[in-house]
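**Student:** sequence first, predicted model second:
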Amino acid sequence: MSVELNHTIVHSLDNHESAEFLANILGLEVGEEWGPFVPLETSNGVTLDFATIPGESIVMQHYAFLISDEEFDAAFGRIREQGVTYYADPHLKQPGEINHHHGGRGLYFLDPAGHGMEIITRPYGNEE
């Protein structure tokens with residue numbers, strides 16, 4: 001049996017708000033609420049299950065999404081249209097810039113709960 005990540009729980013201040021925010025940026029559909037979770041499924045079958053918890057219990061996590069150049073253009077357009085602050089670096093020191101690491105493009109932004117989100121067009125280590 002091969003090992004695959006199936007799902008992970010993403011803590012949020014409001015599970016609907018966070019799921020809808022990320023779905024809108026990435027061009028995905030929010031799934032049907034299941035118990036305390038609002039799911040967002042990626043194209044490789046991994047589901048992010050957003051769960052509402054008290055704000056003081058949220059610890060910042062990092063989620064990186066590998067997307068095509070066309071998807072990057074669309075997501076970047078939505079980020080700018082919505083006025084979401086984006087950065088070229090994970091330390092959030094280069095606002096309003098994107099990076100060109102690994103022969104592609106990437107950027108970072110925060111979701112409503114403060115998690116670090118990253119979109120990249122080339123996987124790390126790819127120097128084509």
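**Tutor:** Structure's in. What do you need? Numbering: from 1, shown residues only.
**Student:** Gln61: neighbour count?
**Tutor:** Neighbourhood size, Gln61 [other C-beta atoms under 10 Å]: 14. All C-beta atoms are positioned from the backbone trio N, CA, C, and that covers glycine.
**Student:** roughly how far apart are it and Pro90?
**Tutor:** Distance from Gln61 to Pro90, counting by C-beta to C-beta, to the nearest Å: 12 Å.
**Student:** what is in contact with these two at once?
**Tutor:** Gly116 (C-beta atoms under 8 Å, 6 or more residues apart in numbering).
**Student:** poorly predicted segments of the chain, please.
**Tutor:** Scanning the chain for pLDDT under 70 picks out the ranges 126-128.
**Student:** which one is Glu29 nearest to, not counting chain neighbours?
**Tutor:** Ala23 (6.4 Å; C-beta to C-beta, 6 or more residues apart in numbering).
**Student:** before we move on, what about Pro39?
**Tutor:** Pro39's closest residue in space is Gly31 (C-beta to C-beta, 6+ apart), at 3.8 Å.
**Student:** could you check how far that neighbour is from Phe50?
**Tutor:** Distance of Gly31 to Phe50, computed by C-beta to C-beta: 10 Å.
**Student:** need the overlap of contacts for those two.
**Tutor:** Contacts common to Gly31 and Phe50, judged by C-beta under 8 Å, 6+ apart, are Val38, Pro39, Leu40.
**Student:** TSV please, covering the residues you listed and showing distance to Ser57.
**Tutor:** Output for the shared contacts of Gly31 and Phe50, formatted as TSV (distance: C-beta to C-beta, whole Å):
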residue	distance to Ser57
Val38	18
Pro39	20
Leu40	21
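**Student:** which helix or strand contains Ala19?
**Tutor:** Using DSSP states H and E, Ala19 maps to helix 15-26.
**Student:** residue contacts, Phe65?
**Tutor:** Here Phe65 is in contact with Leu26, Thr42, Met117, Glu118, Ile119, Ile120 (criterion: C-beta under 8 Å, 6+ apart).
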